[in-house]
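A.B. asks: Provide a 3D model corresponding to the input given below.
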Amino acid sequence: MNRIRAWLSAGTVSVGIVASLGTAGWAQAPMDTEAESKRVKSVIDDTFKAVNARDLDHALAHYADDAQIDSKVAGAKVSKSAYREQVTRAWARNSDAWTEYGKLQVSVVHPTHAVAEGYGTVAG
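C.D. replies: The predicted model follows:
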């Protein structure tokens with residue numbers, strides 16, 4: 001299973017994702033970077049959709065267990081459990097909040113990693 005380490009700063013969410021694309025070893029066929037970029041974008045889309053649907057379990061399933069999430073809500077880089085607490089509190093205070101992102105650029109920088117950059121907003 002592919003795991004994503006992500007830093008999402010919400011407010012003006014700076015989306016920076018390092019995705020583990022998975023490899024089987026040194027001798028590999030040439031990588032289809034366009035296909036890998038589409039996969040990374042798909043995971044990011046799914047994560048944002050889950051957050052907007054208030055499905056935090058689904059959204060956090062995309063993060064590695066040891067992920068540090070750069071959260072404006074928490075005011076720091078925090079663990080998944082701390083992020084869950086802070087987002088749950090924020091949703092209780094403002095049930096109309098939503099997120100979006102744009103200008104997403106994905107670069108496959110190595111057969112095992114990709115970097116995604118863009119901007120995001122939190123409103124509501």
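
A.B. asks: from now on I want contacts and neighbour counts done on CA atoms only, so please keep to that.
C.D. replies: OK.

A.B. asks: partner strands of the strand ranked longest in the chain, parallel or antiparallel?
C.D. replies: Using DSSP state E to define each element, the chain has its longest strand at strand 98-110. Using DSSP bridges, strand 98-110 pairs in its sheet with strand 113-123 (antiparallel).

A.B. asks: just the buried positions in the strand it pairs with, please.
C.D. replies: Applying a neighbour-count criterion of 16 or more other CA atoms under 10 Å, one finds 113, 114, 115, 116, 117, 119, 120 buried in strand 113-123.

A.B. asks: closest to residue 41 among those residues?
C.D. replies: residue 116 (8.1 Å; CA to CA).

A.B. asks: measure that closest one to residue 95 for me?
C.D. replies: Separation of residue 116 from residue 95 (CA to CA, to the nearest Å) stands at 28 Å.

A.B. asks: and the strands in the protein, which stretches?
C.D. replies: Going by DSSP E, the chain shows strands at 4-8, 12-20, 69-71, 76-78, 98-110, 113-123.

A.B. asks: circling back to that earlier point, which one among the buried residues of strand 113-123 gets closest to residue 104?
C.D. replies: residue 117 (5.6 Å).

A.B. asks: is that closest one in contact with residue 106, as I believe?
C.D. replies: Yes - counting by CA atoms under 8 Å, residue 117 touches residue 106, with 6.6 Å between them.

A.B. asks: ok, and what's touching the top helix by length along the chain?
C.D. replies: Longest helix in the chain, counting residues (DSSP state H): helix 33-52. By CA atoms under 8 Å, 6 or more residues apart in numbering, the list of residues contacting helix 33-52 from outside reads 19, 21, 56, 58-60, 62, 98-100, 104, 106-108, 114, 116.

A.B. asks: please verify my assumption that residue 76 contacts residue 70.
C.D. replies: Yes - counting by CA under 8 Å, residue 76 touches residue 70, with 5.7 Å between them.

A.B. asks: these two: who's more crowded?
C.D. replies: residue 70 (22 against 13; other CA atoms under 10 Å).

A.B. asks: next one: residue 97 relative to residue 65, how far apart?
C.D. replies: Counting by CA to CA - residue 97 and residue 65 are separated by 26 Å.
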